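S.K.: structure for this input, please:
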Amino acid sequence: MRHKSRRNDSTNQQLGPDIEVELTLFPADKGGVKNPMLSGSWVFFNFGIPDNLYEGRCEFQEGTDLRPDSTGRAFVWLRTPRLNIGRLTCGLEFTIGSMEKIGRGRITEIINEKLKKD
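M.R.: Okay, here's the model as predicted:
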């Protein structure tokens, strides 16, 4: 599936997604959300770096949303990818949510080569 590009406001260039992920939303009775997460939603990612959350926009591949207690694949555009240069690996597991964890996931592909850990 083709992904939409984003515009880098500082250089006026079109940029693709930074990573591809598999996300699972927790069911509402286990602390998850009650409503689906819509494609294009901004969420916080916790990649396991203490005291750091990273905001990213998700575009789901299987349709327009991800329902609670389900799993789907998404392209993610990180708001500040430069903060993760050289830190990410394929297979890295993470959680999503800010104060409450609403889901978990893992990186399936690193599209922005600068983010790959050596």
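
S.K.: please name the nearest non-neighbouring residue to T24.
M.R.: Nearest in space to T24, with sequence neighbours left out and distances taken as C-beta to C-beta, 6 or more residues apart in numbering, is T71 at 4.4 Å. C-betas here are computed from N, CA, C, even on glycine.

S.K.: stretch 46-66: which residues count as buried?
M.R.: Neighbour-count burial for stretch 46-66 flags 46-47, 54, 56-60, 65-66 (criterion: 16 or more other C-beta atoms under 10 Å).

S.K.: pipe those residues into TSV and attach distance to E20, pLDDT and secondary structure per row.
M.R.: Converted to TSV, the buried residues of stretch 46-66 look like this (distance: C-beta to C-beta, whole Å; pLDDT from 0 to 100; DSSP: H, G, I helix; E, B strand; the rest coil):
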residue	distance to E20	pLDDT	secondary structure
N46	18	96	strand
F47	15	95	coil
Y54	15	96	strand
G56	12	97	strand
R57	13	96	strand
C58	10	96	strand
E59	10	95	strand
F60	11	93	strand
D65	18	92	strand
L66	14	94	strand
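
S.K.: pull the most distant pair out of the residues you listed.
M.R.: Maximum pairwise distance among the buried residues of stretch 46-66 (C-beta to C-beta): 23.6 Å, between F47 and D65.

S.K.: so what pLDDT did the residue nearest in space to the middle of the chain get?
M.R.: For the chain, the residue sitting closest to the mean C-alpha position, by C-alpha atoms, centre = their mean, is V76 at 4.4 Å. What the model reports as pLDDT for V76 is 97.

S.K.: so what strands line up beside the helix or strand where it lies?
M.R.: Assigned by DSSP states H and E, V76 belongs to strand 71-78. According to DSSP bridges, strand 71-78 forms sheet pairs with strand 19-25 (antiparallel), strand 54-60 (antiparallel).

S.K.: mind checking which of the ones you listed is nearest I102?
M.R.: I102 lies closest, by C-beta to C-beta, to one member of the strands paired with strand 71-78: strand 19-25, at 6.3 Å.
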